[in-house]
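Student: I'd like to go over a predicted model; first the sequence, then the structure.
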Amino acid sequence: MIPYGRQSISAADVAAVTEVLQSDWLTQGPAVERFESCVAAYCGVPHAVAVNSATSALHIACLALGLGPGDTLWTSPNTFVASANCARYCGASVDFVDIDPRTYNMSVERLAEKLAQAAAAGKLPKVVIPVHFAGQSCDMAGIDALAKQYGFKVIEDASHAIGGRYRGEPVGNCRYSDLTVFSFHPVKIVTTAEGGMVLTRSAELNERLVRLRSHGITRDPSLMHGASQGPWYYEQIELGFNYRMTDLQAALGASQMTRLDEFVARRHELVRRYDDALRELPVTLPWQHPDSYSAFHLYVIKVPQRPGKGRREVFEALRARGILVNVHYIPVHTQPYYRELGFREGDFPQAEAYYAEAITLPLYYSLTYEEQDQVIKAVKEVVR
């Protein structure tokens, strides 16, 4: 069986975790700060806050920007549900912006049209979350220009994109956004088993993120409502959460970061082999915008519907051959929870058209050429 994604754990990774297991700190220790500093330095941003999942990261990012009841957040329908659910956790409303048919990312053209309509109706979003699907950055300069024009905040959902670049700069540097979120789930580029991180250039946002991940508690006397009662003293000054990352996870993440460029370079090698081998088939291969250097979390092909040979038939035939392909993503607005909020099929036609044909092929650092050749052979046999 060849999965669509898989972590790569080295002896150095194991040693890093073992060192923490033998130390005095399993959680809330120095490993978390080291990991945060490592990611912040890589991305060229001053602040990074590690948490227990990217979903938690999205949640506190929204809270840090003041999202709440009466507000609206817009995101892409072509994403995992967490990109929209984070708004609902805050009591805010959700809407979506259709995707670009080539990049599968949020369309800046559709965003501009929707913003103009929302401005006329007095219903602008407070926050927009563009999602860097499959590791390719959205058109962040275009989104940033609209943010400045219409006054909304931007959270980059870069769960797929650590190690990627946009206009020659690292994804995560927040040049065109207020905050950026990474995921460290095992199928992502870098893993901490479970985990996420929020990056920002704002010291004020960073301070609130740190507080929100740990129950809303502060030990800073300047933020306390009363005088300190002693060195042990702390105050809960807002409602936060237990979203902390353990030192075990952070040690694994910091070790993985030493191989990040190697991970991404290997994915690009495998992508080139897929492109060369599959370009003559009646499928659509991933298109890359010249402004973007993708982290290539996913390699998605589109299989057009033909009699007896549509996406489902190809998917099932590949799985029967031991190729554990997947589909990313079912459009969020078509999920039963969001249907109950009033969304319907046909609301975002480009995302729906993409979903109807999409299949994710195996792509991960340790995928061998021999295994990839098995995938290619199977795809050719099934599609033809």
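Tutor: On my side now, so go ahead.

Student: name the helices or strands packed onto the longest helix along the chain?
Tutor: Counting residues, the longest helix found in the chain (DSSP state H) is helix 260-278. With contacts taken as 3 or more C-beta pairs under 8 Å, 6 or more residues apart in numbering; DSSP states H and E, helix 260-278 sits against strand 299-302, helix 369-383. The way it works is simple: take the backbone N, C-alpha and C, and place the C-beta from them, glycine included.

Student: list the contacts for the residue at the greatest distance from the centre of the chain?
Tutor: Most distant from the centre of the chain: Gln229, at 42.1 Å, with distances by C-alpha atoms, centre = their mean. Listed by C-beta atoms under 8 Å, 6 or more residues apart in numbering, Gln229 has no contact partners.

Student: how much space between it and Glu357?
Tutor: Using C-beta to C-beta, to the nearest Å, one obtains 63 Å as the distance from Gln229 to Glu357.

Student: And Tyr176, by the same measure?
Tutor: Counting by C-beta to C-beta, the gap from Tyr176 to Glu357 is 30 Å.

Student: burial of the nearest residue to Arg167 once chain neighbours are set aside, as a residue count?
Tutor: The shortest distance from Arg167 to any non-neighbouring residue, by C-beta to C-beta, 6 or more residues apart in numbering, is to Asp291 (5.3 Å). Each residue near Asp291 was counted by other C-beta atoms under 10 Å, and the total is 16.

Student: who has more neighbours, Tyr176 and Glu357?
Tutor: Tyr176 (23 against 18).

Student: What helix or strand is that one located in?
Tutor: Assessed by DSSP states H and E, Tyr176 sits outside every helix and strand.

Student: got a list of what it touches?
Tutor: 140-141, 143-144, 154, 156, 166.

Student: same deal with Asp100?
Tutor: 106-109, 350.

Student: Please state the mean pLDDT value computed over whatever helix or strand comes next after the longest helix of the chain.
Tutor: Counting by DSSP H and E, the element after helix 260-278 in chain order, helix or strand, is strand 292-293. Across strand 292-293, pLDDT averages out at 98.

Student: Figure out how far strand 292-293 is from the centre of its chain.
Tutor: Averaged C-alpha coordinates place strand 292-293 at 16 Å from its chain's average position (C-alpha atoms, centre = their mean, to the nearest Å).

Student: by contact count, what packs against it?
Tutor: Short answer (3+ C-beta pairs under 8 Å, 6+ apart): strand 292-293 packs on strand 165-166.

Student: Return the list of strands paired to the strand it packs on, each annotated with direction.
Tutor: Sheet pairing for strand 165-166, assigned by DSSP bridges, gives strand 169-170 (antiparallel), strand 292-293 (antiparallel).

Student: Averaged pLDDT, the first one. What do you get?
Tutor: Read it as strand 169-170. The predicted model gives strand 169-170 an average pLDDT of 98.

Student: what's in contact with that strand?
Tutor: 42-44, 164, 175.

Student: Apart from its neighbours in sequence, what residue is nearest Phe80?
Tutor: Going by C-beta to C-beta, 6+ apart, Phe80 has Tyr329 as its nearest residue, at 6.0 Å.

Student: nope, Pro101 is what I meant
Tutor: In space, Pro101 is closest to Gln350, 5.3 Å off (C-beta to C-beta, 6+ apart).

Student: what's that neighbour in contact with, if anything?
Tutor: 98-101, 107, 110.

Student: all helices of the stretch 51-200 of the chain, in order?
Tutor: Per DSSP state H, counting those that start in this stretch, the stretch 51-200 of the chain carries helices over the ranges 54-64, 82-89, 108-121, 140-150.

Student: Which of these has the highest mean neighbour count?
Tutor: Greatest average neighbour count among the helices of the stretch 51-200 of the chain goes to helix 54-64 (a mean of 27), per mean count of other C-beta atoms under 10 Å.

Student: pLDDT on it, on average?
Tutor: 98.

Student: who's in contact with that helix?
Tutor: Against helix 54-64 from outside (C-beta under 8 Å, 6+ apart): 49, 51, 73, 82-83, 85-87, 89-90, 92, 127, 129, 155, 157, 159, 179, 181-185, 195-198, 205, 208-209, 212-213, 241, 243.

Student: Measure how it sits relative to helix 82-89, angle-wise.
Tutor: Direction vectors for helix 54-64 and helix 82-89, defined by axes from the mean of the first three to the mean of the last three C-alpha atoms, to 10 degrees, enclose an angle of 50 degrees.

Student: next one: helix 54-64 to chain centre, how far?
Tutor: Worked out by C-alpha atoms, centre = their mean, helix 54-64 lies 12 Å from the chain centre.
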